[in-house]
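Trainee: Dropping a prediction and its sequence here:
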Amino acid sequence: MVSSRHEAAHRIFQERPELLAPVFRILDVPLPEEAAVEVLTPDATEIRPLERRVDSVLRVDPPAGGGFLLAIEAQGRRDPGKAVSWAYYLSFLAAKHERSATGTPRRY
């Protein structure tokens, strides 16, 4: 169950987006002066099936621990949209296989 403290922490920025400015300053992240802020739905549910496949996914479990997942994609050409796919693959595979979503896609 969501607590009122949890809800308040989110609603404050939804209802008073001008309060983002001091937070961004503390984090040393630039925020444009006249930025428009729009509250979007937080629902991440897919309403239609999406087919997403990684060419190969391997689980590597060394005896000493520190196992990880290895996702391999063969690309015939550069695909500027692939970064978004990799973000999805990492988070999905981490959740499905209960592994941390760390790693950097590498090109060889």
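Mentor: Great, that's in hand.

Trainee: Endpoints of stretch 24-44, how far apart?
Mentor: Using Cα to Cα, to the nearest Å, the span of stretch 24-44 from its first residue to its last is 25 Å.

Trainee: and for it, what are the contacting residues?
Mentor: With contacts defined as Cβ atoms under 8 Å, 6 or more residues apart in numbering, stretch 24-44 is touched by 14, 17, 20-21. Where C-beta positions appear, they are placed from N, C-alpha and C, glycine not excepted.

Trainee: could you give the mean pLDDT of it?
Mentor: For stretch 24-44, mean pLDDT is 83.

Trainee: try stretch 94-108
Mentor: For stretch 94-108, mean pLDDT is 65.

Trainee: Kindly list the main-chain dihedrals of the nearest residue to His97 once chain neighbours are set aside?
Mentor: The shortest distance from His97 to any non-neighbouring residue, by Cβ to Cβ, 6 or more residues apart in numbering, is to Leu69 (5.9 Å). For Leu69, the backbone dihedrals are phi -100, psi 140 (criterion: degrees, to the nearest 10).

Trainee: Noted, bye for now.
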